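Peer 1: This is a predicted model, with the sequence first.
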Amino acid sequence: MTTTTPSRGRRRAPSRIERAAGKAAALQKPRVILALLLLLGLTSVMLLDGYLRAEVGGDQRVRDGASSSEVPDKIINGGPIISFRGGRATTISVPSKTIALTFDDGPNPTYTPQVLDILEKYDVPATFFVVGSMVSRYPGIVKGMVDQGNEVGIHTFTHVDLSYQSDARVRREMTQTQLALAGAAGITTTLFRAPYSSETDAIDNYSWPVYKKLGEEGYTSVFVDTDSDDWKKPGVSKIVKWATPSGTSGASVLMHDAGGDREQTIKALPKYIEKMKAKGYTFTTISGVLEAQNASTGPQGQQQVGGVTGRQGQGLTNAQRLQAAHREATGTTLYEGKALIAAVAVAELTVPTLSVGLVIVGVAVMGRFGMMLILARRHYRQRNKRRFSWGPTVTRPVSVIVPAYNEKECIANTLESLSKSTHPIEVIVVDDGSSDGTSEIARAAADKLGMTNVRVIRQENAGKPAALNNGVRSASHDIVVMMDGDTVFEPDTVRQLVQPFADPAVGAVAGNAKVGNRDTIIGAWQHIEYVMGFNLDRRMYDLLRCMPTIPGAIGAFRREAVLQVGGMSEDTLAEDTDITIAMHRAGWRVVYQEHARAWTEAPGSLKQLWSQRYRWSYGTMQALWKHRKSLTDKGPSGRFGRVGMPLVVIFQIVTPVFAPLIDVFTAYSMIFVDFRAALYAWLAVLGVQLVCAAYAFKLDKERYRYLLMMPLQQLAYRQMMYLVLIHSCITALTGGRLRWQKLKRTGEVGTPAGVG
C-alpha cells in the first residue's frame with residue numbers, strides 16, 4: 001500500500017467554488033419558500049376557478065313551500081319592484097303599456113352578445129341581472145352591455161338561494177359582484193334580484209329578512225309579474241305568448257340570456273319586441289320605472305335614483321345615465337375590482353392550460369410505463385439467455401477508484417467488501433481533503449485485511465470530479481471502476497461489471513445500485529425508487545442506446561474513453577450524467593449490467609435526501625444544457641440528443657413539476673367535484689404504478705413487502721421532488737453553484753449478505 005500526501009503550507013483562502021457555494025447556501029431558504037409559494041399560488045388559482053364555477057362553495061339548495069306569514073300583505077300583493085326608501089318597504093308597479101325587459105343569469109359568451117345585438121337593432125333598453133362569477137369571467141361583455149345603455153343588477157356571485165345563507169355569506173355575495181362590476185365596467189349598482197325568485201307572492205319568512213337587510217343597505221329588489229318561462233324551452237310562440245301582459249298592463253318581464261340553451265329565447269326576442277311595439281308598448285329599464293314613479297308622486301315621493309325611459313337618449317350623457325341605478329366605481333372599489341378581474345383572467349387561462357398539460361403528462365406517463373414494461377422484459381430475456389455473451393471473458397485486472405471525503409464511518413466496510421472480490425483489482429482511495437482521518441482509517445483497514453493492492457492518495461479538497469480524475473490518472477489498468485466511499489460491493493460485482501468490455505464498442509457500464517438501509521420509511525421510499533425508477537429505466541435506456549446516467553455508486557469505464565472526453569468535468573454537479581452523455585457523443589456504447597450489484601447508504605433524513613436530490617436535479621439540468629448541441633448533431637451524438645435528451649427532459653424535469661399538481665387536482669376533485677370518480681382515477685394510476693413496481697421487483701428478485709409503502713410514497717415523495725426541482729430551476733436561473741455535498745453517514749451498510 002502506498003500513500004501520497006500534499007505539501008504542507010499556510011491555510012488556503014476559500015476557492016471561487018466555495019465562495020459561490022456559500023452564496024447558494026444563503027439563498028437556499030428563500031428558494032424553498034418561493035417553491036412553496038408557487039405551489040400555494042397554483043392551488044389558490046384552482047380554488048378561485050372552482051369558486052367561479054360553483055364547484056367550491058356551491059350550494060344547490062332551493063327553498064320551496066315555506067310560510068309567508070311574516071311578510072306584509074302589501075308586499076305579497078304589490079308590484080314587482082320593492083324599494084326601501086326611508087326605511088319603509090314600498091312596492092312599485094310598471095306603468096301601463098310599458099315593458100321593463102329583464103334578463104337573468106348572464107353574461108354568457110354565446111347568447112348575451114346575440115341578445116345585445118337584437119336590443120340594439122330595435123333600439124330597446126333592458127336590465128340584466130348578472131351573476132358576479134360570470135361577470136368576472138366575461139368582463140368585456142358587461143362593459144359592452146353598459147356602454148350600449150343597458151342597466152345591470154346583481155344576481156349574486158354564485159347564484160345561491162340567499163335564504164339559506166348567513167349574513168356574512170350574503171354580504172360576500174353582494175360585495176364580490178359589485179367588485180366584479182367595478183372591474184368590468186367601472187360601475188356599481190343598486191338593483192338586486194335574488195336567484196330562484198319570481199313574483200312577490202313567493203317571498204317567504206326566510207327570504208323576507210334578506211330583502212329587508214339589503215334594502216337597509218340601499219338596494220332595490222326587483223321581481224317579475226310576467227314570466228316567459230323561456231328556460232323550459234317551450235317553443236318560440238309560447239315564449240312570446242307567456243311574456244305578453246294582459247290588456248294594456250305594464251310588466252316586468254323575465255327572460256334569460258344564460259343558464260342553458262337559449263336558442264329559443266334568441267329567436268323569440270325579436271318577434272316579442274315587434275309584437276309589443278305594434279301594440280303601442282314602450283320599453284324601459286327598471287330605473288325608468290322608478291323615474292316614472294317619482295314623476296307621478298311628485299317631489300314628495302321622489303327617490304334618489306334617476307331613470308331612463310327609452311333609448312332615444314332624452315339628452316342624457318353617460319355621466320347622467322350613471323345617476324340612475326348605476327354608480328361610478330372609484331377608489332379602492334375600482335382597484336379591487338380590476339384586481340379581481342385580473343386574478344380571474346389568470347385563473348381562466350391557468351387552470352385549463354394545466355388541465356390540458358396534465359392530460360398530456362398523464363398520457364406520456366402511462367406510455368412510459370408501458371414502454372418500460374415491454375423493453376425491460378425484452379432486456380431481461382435478452383441478457384439472461386443461456387447463450388448470451390458479451391464476448392471472450394474479461395479476466396485482466398482493473399482499477400477500482402474510491403473518492404472519499406470524510407468517510408470514516410464507511411471506508412473500512414467499503415475496503416472489506418473489495419477485499420473479497422473474485423476479480424483481480426487494484427484499489428485507489430483518493431482522500432479529497434478529509435478532516436476526519438479517512439486516509440488513516442483506510443490505511444489501517446487495508447493493513448488489517450492484508451490488502452497489498454490498495455493505494456491511498458491524499459489531495460487538497462477540490463471536489464469529487466477532481467478526486468476521480470486523480471484516480472484515473474493514477475490507475476494502472478485500462479478499465480476503471482468507480483464507486484462511492486459509502487458503498488459496498490458483492491464479491492462477484494467487479495467481475496460481472498467488467499464483462500461487457502469484451503465488446504470493443506462498449507465504453508462504460510452502469511451497475512445495479514441497491515439501497516442498503518431500507519428498513520426506515522425514507523429508506524423504503526428510496527428502495528422503491530432505485531428498483532423501479534432507476535434500474536427499470538436503465539433497462540429501457542440500454543435497449544434504446546441512450547443511457548443518461550451511470551450511477552456514481554457503481555460504474556465502470558474504459559480509461560481511454562474517459563481521457564478522450566476530457567475526464568470528469570467540474571462544469572456540472574452531476575459529473576456522472578455529464579460524462580455519460582459525453583461518452584454517447586463520442587460514439588461509445590453505454591450499457592446496463594443488472595448482475596453487478598452495489599449496496600449504498602441512502603440519505604437517512606429528509607434534509608439529507610433534499611440535499612442529494614437537489615444536487616442530482618440541478619446537475620442533470622446543467623448537463624443537459626451543456627450538451628444541448630447534441631439535438632442537432634449527427635451520428636451517436638445526435639441519437640442521444642433526439643432520443644435520450646427528450647426522455648430525460650420529459651420524465652425527469654417536466655413530469656416531476658406536474659406530479660404534485662396531479663395530487664392537488666385529485667384532492668380538489670375529491671372535495672369539490674366527485675369524490676368517488678376522483679378516488680377511482682387516483683387508485684387506477686396507483687395500480688398501474690404498482691404493477692410496474694412489482695415487475696421491477698420481480699426482475700431484481702426483491703421482496704414485495706416494501707411495495708406497501710408505495711401509496712404513502714406517492715402522497716409525500718412527489719411533493720418533495722417537486723420542491724427540489726423548483727429549487728433547482730431557481731438556482732439555475734440565479735447562477736448558483738454548489739461544491740461536493742457530503743451527506744451524513746452512519747456506516748450501517750456493511751457486508752451485502754442478507755440485505756434484501
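Peer 2: Yep, that arrived. Numbering: from 1, shown residues only.
Peer 1: For the stretch 301-450 of the chain, give me the ranges with low pLDDT.
Peer 2: 301-323 (pLDDT under 70).
Peer 1: go with 90
Peer 2: Applying pLDDT under 90 to the stretch 301-450 of the chain flags the ranges 301-325, 343-373, 386-387, 409-410.
Peer 1: now the strands: where do they sit in it?
Peer 2: Remark: strands assigned in the stretch 301-450 of the chain by DSSP state E, counting those that start in this stretch are 326-328, 398-404, 425-432.
Peer 1: Same list (those) but as TSV, adding distance to W599 and mean neighbour count.
Peer 2: In short, each C-beta sits where N, CA and C put it, glycine included. Putting those into TSV (distance: least, CB to CB, whole Å; neighbours: other CB atoms under 10 Å) gives the following:
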stretch	distance to W599	mean neighbour count
strand 326-328	74	18
strand 398-404	14	26
strand 425-432	17	26
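Peer 1: Now distance to A412 too, for those strands, in JSON lines please.
Peer 2: Shown next, in JSON lines, are the strands of the stretch 301-450 of the chain (distance: least, CB to CB, whole Å):
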{"stretch": "strand 326-328", "distance to A412": "81"}
{"stretch": "strand 398-404", "distance to A412": "11"}
{"stretch": "strand 425-432", "distance to A412": "11"}
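Peer 1: out of those, nearest to R559?
Peer 2: Closest approach to R559 among the strands of the stretch 301-450 of the chain (CB to CB): strand 398-404, 7.8 Å.
Peer 1: just the angle between the closest one and strand 425-432, please?
Peer 2: Computed by axes from the mean of the first three to the mean of the last three CA atoms, to 10 degrees, the angle separating strand 398-404 from strand 425-432 equals 20 degrees.
Peer 1: partners of strand 398-404, with directions?
Peer 2: strand 425-432 (parallel), strand 479-482 (parallel) (DSSP bridges).
Peer 1: Find the residue at the geometric middle of this protein.
Peer 2: L661 (3.4 Å; CA atoms, centre = their mean).
Peer 1: one step back: can you tell which of the strands paired with strand 398-404 is closest to F501?
Peer 2: strand 479-482 (5.7 Å).
Peer 1: And the next helix or strand past that closest one?
Peer 2: Going down the chain from strand 479-482, the next helix or strand is strand 487-489, by DSSP states H and E.
Peer 1: tally of neighbours for G280?
Peer 2: 8 (other CB atoms under 10 Å).
Peer 1: Now the closest residue to it other than its chain neighbours, what are its backbone angles?
Peer 2: Of all residues not flanking G280 in the chain, K97 sits nearest, at 5.7 Å (CB to CB, 6 or more residues apart in numbering). Backbone torsions of K97, given as degrees, to the nearest 10, read phi 50, psi 30.
Peer 1: mind listing the strands for the stretch 551-700 of the chain?
Peer 2: Going by DSSP E, counting those that start in this stretch, the stretch 551-700 of the chain shows strands at 555-558, 589-600.
Peer 1: Report all helices and strands that the longest one contacts.
Peer 2: So that's strand 589-600. helix 331-383, strand 487-489, helix 493-498, strand 506-515, helix 537-544, helix 575-585 (3 or more CB pairs under 8 Å, 6 or more residues apart in numbering; DSSP states H and E).
Peer 1: Turn those into TSV, columns for distance to S728 and mean neighbour count.
Peer 2: Formatted as TSV, the helices and strands packed on strand 589-600 follow (distance: least, CB to CB, whole Å; neighbours: other CB under 10 Å):
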stretch	distance to S728	mean neighbour count
helix 331-383	19	16
strand 487-489	24	28
helix 493-498	30	26
strand 506-515	21	26
helix 537-544	19	22
helix 575-585	13	26
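Peer 1: Which one of these lies nearest to E416?
Peer 2: strand 487-489 (7.6 Å).
Peer 1: and the closest one, average pLDDT?
Peer 2: Averaged over strand 487-489, pLDDT sits at 94.
Peer 1: what's the distance between it and the middle of its chain?
Peer 2: 39 Å (CA atoms, centre = their mean, to the nearest Å).
Peer 1: again with stretch 514-529
Peer 2: 27 Å.
Peer 1: contact partners of that stretch?
Peer 2: Contacts of stretch 514-529 with the rest of the structure, by CB atoms under 8 Å, 6 or more residues apart in numbering, involve 488, 530, 597-606, 609, 693, 702, 706-707, 709-710, 712-713, 716-717, 746, 748-749, 752, 755.
Peer 1: Only whichever of these are buried, select them in ChimeraX.
Peer 2: In ChimeraX syntax, the buried subset of the contacts of stretch 514-529 is picked out as below (16 or more other CB atoms under 10 Å):
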select :488,530,597,598,599,600,601,602,603,604,609,693,702,706,707,709,710,713,717,749,752,755
